[in-house]
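Colleague: What follows is a protein structure lacking sequence information:
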């Protein structure tokens, strides 16, 4: 006789017990119909725990009123159309019951999974629906009516998520609702199996030795009743599936790691009886992994019967009755619903992690934990529980389970999730932890550019806001090589290019009066400058007559970040954007939502954003710099931003140099990057440059 399993020749093979190939199993969930009601039976029933046996040949007539004590698993009431419930008669001839007809109808109801054993003909009977099983509350939502002569039956489930309905006759085809006819095709009779009927045998010495090399003891095999099955001259491993000590299904494995299960049996967890009444449950991906967990001291472990999916489904969770792939979860929900901690110890490969996610979606992430398998070498982890047991031993496997971590919930974290980032911040390995220098010594003590922040820039018209931002971008390009996206609606492209080139080359673009005696940039410098412009800046411009929205700008800016590595975005100015808002939304609410979008963009893409906003009309302005609260639209401009800067140019000859520019830093959220105060620069009209002249701090 030839064994269908080979021993591993050496441990370097890392032979896995994972059921990763279980996807080849094709037997899905099948429901169990009721036994023939004509023969009393003590067999288990999947829908009800007790049965009222009805016989058309009762030795005594029954009362016309059905006593309440007989309503064990369903209930009946008299049809208003047909009057009182019919009495049982002493012989079939008097009732005109055609036994062939009765048998045919009952066979059809049995195939449909309808529990006809407690049904009274001529009455409406309320049962548990075989399709939806009554939901979590196991509601008896299926209304079934059987004609008095047992010639026909019709039914309807009144659960909103189900709605299964149809009719059938003793002679003829079933009439099913279109929505659920496909489901009914899957409801077949479940087989009742035993160890003897399957021909299972105790494990031979060769298979015991095979498990021994996988560090699975004889005692563990005996406790789980692992057996073998002989087919011809070949032997395969048999994993019996038990519930309450009764054989429910059986799964087999051959030499090529192919798996199959007994047909028309109920899908349940392997090792189900071991988690009955437990608060902590471990779920693994294969039967041998469940055995490995026992070697580490964990009996409260089960294995899924059908292996792992190739990836996580992108669809919403189906209703319970349609969740075919994971029907074993719903079949075992009574064992799972009281568990407060479920450890998902699935395989470490992609399908195994997909299985963990699918299980967590159904079981509830809030009560799930997950394991991280130890490293096998510098590049890969051990795959599953049995590998860890074989090569690291039961103590390490026990430690892995005891150190299981909370299953991640989207949007809910603890600081441990960010320790790597925090370490990099502390040791300054991220880069730009203190921010990037502006290029002006007098301003660096007050304001530095931190990636991911939002700076609001304001000032009265003609104060040099846009010119100062352009000069800042040129400094950043020269010092750290940043690239920028420019959404500058008030500038023509050619004029904006001229201003940037003058600041970069430090020479006037034209030989005109504003340049004074300064030498104009040469044609060679101009060509080099054009290449610098093209490599450094990306323009966001709306070429049609409509105004761009903030969402449109941020979408293009995202493309610039991902495609070109842009680190800074300029939106200049706010009032040139399209600000249509719902009628029931105030401008303050709109500005708050808009700035939230901008901040999220900055943080998500680690991109600094400069947003220019004009102040409202100042009726009593006396020439001083405006306040951030003077920005037109909303106080949220100062409330939401990380940095707030006012650019102010002196217009009074008696107050000082007319080329003096005051940079008023009015808000700095990140104290690492700066503080509140004023810095003073001079503006070179010929080249558009800003130069240091000193600093004057304020409180």
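Modeller: Done, it's in. Quick caveat: nothing in here was measured; it's all calculated off a predicted structure. Numbers count the residues shown, from 1 in each chain.

Colleague: how far does stretch 215-230 stretch from start to finish?
Modeller: 24 Å (CA to CA, to the nearest Å).

Colleague: element containing residue 525?
Modeller: Take DSSP states H and E as the rule and residue 525 turns out to sit in helix 523-536.

Colleague: ok, the helix or strand following that helix: who's next to it in the sheet?
Modeller: Note on helix 523-536: by DSSP H and E, the next helix or strand toward the C-terminus is strand 537-539. According to DSSP bridges, strand 537-539 has the following sheet partners: strand 484-488 (parallel).

Colleague: Quick one: residues in contact with the partner strand.
Modeller: 466, 473, 476-477, 496, 536-541, 548, 553, 556-557, 560-561, 566-572 (CB atoms under 8 Å, 6 or more residues apart in numbering). Glycine gets a C-beta too; all of them are placed from N, C-alpha and C.

Colleague: So which of those residues belong to helices?
Modeller: 466, 473, 476-477, 496, 536, 553, 556-557, 560-561 (DSSP state H).

Colleague: Ranking helices and strands of this protein by mean pLDDT, which lands last?
Modeller: strand 75-78 (a mean of 41; mean pLDDT, DSSP states H and E).

Colleague: Residue 631 contacts residue 459, correct?
Modeller: No - Residue 631 is beyond contact range of residue 459, at 10.1 Å (criterion: CB atoms under 8 Å).

Colleague: who touches both of those two?
Modeller: residue 615.

Colleague: I'd like the distance between the residue nearest to residue 199 when sequence neighbours are not counted and residue 289.
Modeller: Nearest residue to residue 199 in three dimensions, chain neighbours excluded: residue 229, at 6.0 Å (CB to CB, 6 or more residues apart in numbering). Taking CB to CB, to the nearest Å as the measure, residue 229 falls 21 Å from residue 289.

Colleague: okay, the two: which has more neighbours?
Modeller: residue 289 (29 against 16; other CB atoms under 10 Å).

Colleague: List the contacts of the nearest residue to that one once chain neighbours are set aside.
Modeller: In this structure, residue 289 finds its nearest non-sequential neighbour in residue 385, 4.2 Å apart by CB to CB, 6+ apart. Residues counted as contacts of residue 385 (CB under 8 Å, 6+ apart) are 17, 284, 289, 292-293, 296, 345, 397.

Colleague: and the nearest residue to residue 366 once chain neighbours are set aside, backbone torsions?
Modeller: Spatial nearest neighbour of residue 366, excluding adjacent residues (CB to CB, 6+ apart): residue 409 at 6.7 Å. In terms of degrees, to the nearest 10, the main-chain angles of residue 409 are phi -110, psi 130.

Colleague: go on, the one 3 residues further on?
Modeller: Note on residue 412: backbone dihedrals following degrees, to the nearest 10 are phi -120, psi 120.

Colleague: Helices along the stretch 401-550 of the chain, start to end?
Modeller: Assigned by DSSP state H, counting those that start in this stretch, the stretch 401-550 of the chain shows helices spanning 419-426, 441-444, 465-480, 493-505, 523-536, 550-564.

Colleague: Now those in JSON lines, please, with extra columns for mean pLDDT and mean neighbour count.
Modeller: Listed next are the helices of the stretch 401-550 of the chain as JSON lines, based on pLDDT from 0 to 100; neighbours: other CB atoms under 10 Å:
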{"stretch": "helix 419-426", "mean pLDDT": "90", "mean neighbour count": "11"}
{"stretch": "helix 441-444", "mean pLDDT": "93", "mean neighbour count": "18"}
{"stretch": "helix 465-480", "mean pLDDT": "96", "mean neighbour count": "21"}
{"stretch": "helix 493-505", "mean pLDDT": "95", "mean neighbour count": "19"}
{"stretch": "helix 523-536", "mean pLDDT": "96", "mean neighbour count": "13"}
{"stretch": "helix 550-564", "mean pLDDT": "95", "mean neighbour count": "17"}
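
Colleague: what's the closest of these to residue 153?
Modeller: With respect to residue 153, and counting by CB to CB, the nearest of the helices of the stretch 401-550 of the chain is helix 550-564 at 58.4 Å.

Colleague: Contacts made by the closest one with the rest, please.
Modeller: For helix 550-564, using CB under 8 Å, 6+ apart, the contacting residues are 483, 485, 487, 538, 540, 542, 566, 569, 571, 577, 594, 597-598, 601, 605, 607.

Colleague: Now do the same contact list for the closest residue to residue 578 other than its chain neighbours.
Modeller: In space, and not counting its chain neighbours, residue 578 is closest to residue 547: 3.8 Å by CB to CB, 6+ apart. Residue 547 makes contact with 576-578, according to CB under 8 Å, 6+ apart.

Colleague: Let's see if you can find the most crowded of those.
Modeller: Going by other CB under 10 Å, residue 577 tops the contacts of residue 547 with 19 neighbours.

Colleague: Buried residues in stretch 141-149, which are they?
Modeller: Using 16 or more other CB atoms under 10 Å as the test for burial, stretch 141-149 gives 141-146, 148-149.

Colleague: Please apply the same query to stretch 646-656.
Modeller: Those buried within stretch 646-656 under the rule 16+ other CB under 10 Å are 646-650.

Colleague: Just read off the phi/psi values of residue 679.
Modeller: phi -120, psi 150.

Colleague: roughly how far apart are it and residue 449?
Modeller: The separation that residue 679 has from residue 449, given CB to CB, amounts to 14 Å.

Colleague: And for residue 565?
Modeller: Counting by CB to CB - residue 565 and residue 449 are separated by 16 Å.

Colleague: Compare these two (neighbour count), which wins?
Modeller: Taking other CB under 10 Å, residue 565 and residue 449 do not tie; residue 449 has more neighbours (24 against 10).

Colleague: per-residue confidence at that one?
Modeller: Confidence at residue 449, expressed as pLDDT, is 96.

Colleague: Just list the residues touching the nearest residue to it once chain neighbours are set aside, thanks.
Modeller: Among residues not flanking residue 449 along the chain, residue 436 sits closest, at 4.5 Å (CB to CB, 6+ apart). By CB under 8 Å, 6+ apart, the residues touching residue 436 are 448-450, 476, 479-480, 482.

Colleague: Helices - which of the buried residues of stretch 141-149 land there?
Modeller: Among these, no member lies in helices (by DSSP H).

Colleague: Domain boundaries for the protein, per the record?
Modeller: 99-169, 195-406, 448-692 (the TED database).

Colleague: Distance across the first one, terminal residue to terminal residue?
Modeller: Looking back up the chat, that one is domain 99-169. End-to-end for domain 99-169, by CA to CA: 14 Å.

Colleague: Give me the distance between that domain and the centre of its chain.
Modeller: 39 Å (CA atoms, centre = their mean, to the nearest Å).

Colleague: could you give the mean pLDDT of that domain?
Modeller: For domain 99-169, mean pLDDT is 82.

Colleague: Give the ranges of residues in this structure that sit below the confidence cut-off.
Modeller: 1-97, 136, 160-161, 173-189, 618-621, 655, 694-699 (pLDDT under 70).
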